[in-house]
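Enquirer: Can you look at this prediction? I've put the sequence above it.
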Amino acid sequence: MLLTLDARSLRRKLVTPRGETGAIKLTDLPRHVRDRLNLFGLNLSTDLLVGADHARLDEVREAADKASCPCLVLIESAPQPFADAADDKGEAAVERMVRVVHAADRLGCNAAAVFVSGEDTQDGFDFAVERLKRVVHGAERLGVNVIIGSAPGLTSSPDKLTELIKKIGGFRIGTFPDFQTAAAAPDPVQFLRRLTPYASALTASSVSFKPAKKGAGVVHEPYDLVAFAKTVASVGYQGTLAIDYRGDGDPEVGIGHTREILEGALGKEVEPE
């Protein structure tokens, strides 16, 4: 496993006007992540790329390649209505995700991630399968994986999400588990055990920390990062763990705490080759 960064962790610094203290240009981000944060790849979200044309995407990819910090996953920021009964909304979701897949390919990503909106009904399930099959078919030609994260409604249950994955079929479809989402489930460990075998990317999200009771260092307060990390390792996961710090304060401090805890939990499993 490699530890990487979800760029949304540094959103505040990326959207800060240039020239102000702490501002980071998107094309400088890969070098910053590799050299300052000691992480080995990037997940980007579409809201950080609003207005980007092919030339801009090429600039980001070139900067990532030069920094040895590749772009790995492009995440569609807005949940898409693949399960909606309205044809126009469903078609818009297909068209949007096709564009995201092409942008992911341009960035050099191996996956494009999406969250499906819609109620958990049989009709919604069938609509989502038919529409996502079309997206995956195009992604297969580009060599890009389509990965689906859990969201309220149709994909809130691990069983329903894995059923959706199986029904879509193919080698380029998978899940996109998230630690914070797992923590909200009735059985977080079982949630991760069900989804991780189908995952090619995973978000190691974190929220807040407190000093450890014994010894130096910190522990994660809302849920057990160590237990979650060991759970995904125990089912044979060998993909990337993207740190996404979602708490208050300096995000780089939160990212650093998260990295240290994951490294301690996983040891040599997260050392780069």
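Expert: Perfect, I can see it now. Numbers count the residues shown, from 1 in each chain.

Enquirer: Where do the helices of this protein begin and end?
Expert: Under the criterion DSSP state H, helices of the chain are mapped to 11-15, 29-35, 54-66, 87-107, 122-142, 158-168, 179-183, 188-195, 225-234, 251-266.

Enquirer: Out of those helices, which is closest to T203?
Expert: Nearest to T203, of all these, is helix 179-183, at 6.6 Å by Cβ to Cβ. The way it works is simple: take the backbone N, C-alpha and C, and place the C-beta from them, glycine included.

Enquirer: can you give me the offset of the closest one from its chain's centre?
Expert: 13 Å (Cα atoms, centre = their mean, to the nearest Å).

Enquirer: what do you get for stretch 27-43?
Expert: Using Cα atoms, centre = their mean, the offset of stretch 27-43 from its chain centre is 16 Å.

Enquirer: Name the residue closest to the centre of the chain, please.
Expert: Per Cα atoms, centre = their mean, the C-alpha nearest to the average position across the chain is that of T203, at 5.0 Å.

Enquirer: quick revisit: the helices of the chain: lowest mean pLDDT?
Expert: Looking at the helices of the chain, the lowest mean pLDDT belongs to helix 11-15 (a mean of 86).

Enquirer: Now that helix: buried residues?
Expert: For helix 11-15, the neighbour count (16 or more other Cβ atoms under 10 Å) marks K13, L14 as buried.

Enquirer: before we move on, what about stretch 156-169?
Expert: Quick answer for stretch 156-169 (16+ other Cβ under 10 Å): S157, P158, L161, T162, L164, I165, I168.

Enquirer: Can you tell me how far V235 is from L161?
Expert: The spacing between V235 and L161, counted by Cβ to Cβ, to the nearest Å, is 16 Å.

Enquirer: Setting aside sequence neighbours, what's the nearest residue to F82?
Expert: Spatial nearest neighbour of F82, chain neighbours left out: A128 (4.3 Å); criterion: Cβ to Cβ, 6 or more residues apart in numbering.

Enquirer: meant to ask about A85, not that
Expert: The nearest residue in space to A85 (Cβ to Cβ, 6+ apart) is D123, at 6.4 Å.

Enquirer: That neighbour: how many residues sit nearby?
Expert: 12 (other Cβ atoms under 10 Å).

Enquirer: 56 is where my numbering starts, stick with that
Expert: All set: I'll call the first residue 56, so the last point we hit is now D178.

Enquirer: returning to what we had before: can you put the buried residues of stretch 211-224 in CSV and add distance to T286?
Expert: Converted to CSV, the buried residues of stretch 211-224 look like this (distance: Cβ to Cβ, whole Å):
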residue, distance to T286
S212, 18
P213, 13
L216, 17
T217, 16
L219, 22
I220, 19
I223, 25
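
Enquirer: Out of those residues, which is nearest to L112?
Expert: Using Cβ to Cβ, the buried residues of stretch 211-224 come closest to L112 at I223, 26.6 Å.

Enquirer: right, and that closest one touches K188 too?
Expert: Yes. I223 is within contact range of K188, at 5.5 Å (criterion: Cβ atoms under 8 Å).

Enquirer: so what's S64 up against?
Expert: I298, D299, Y300, R301, P306, G309, I310 (Cβ atoms under 8 Å, 6 or more residues apart in numbering).

Enquirer: check contacts around the closest residue to the last one other than its chain neighbours.
Expert: To tie it back to what came earlier, the one meant is I310. Once flanking residues are discounted, I310 sits nearest to Y300: 4.9 Å by Cβ to Cβ, 6+ apart. Neighbouring residues of Y300 by Cβ under 8 Å, 6+ apart: S64, S260, S261, V262, P306, G309, I310, T313.

Enquirer: For Y300, list each beta-bridge partner.
Expert: S261 (DSSP bridges).

Enquirer: where does G74 land on pLDDT?
Expert: G74 is given a pLDDT of 61.

Enquirer: same question but for E328, I mixed them up
Expert: We note a pLDDT of 59 for E328 in this prediction.

Enquirer: Just give the number of residues close to G304.
Expert: G304: 10 neighbours (other Cβ under 10 Å).
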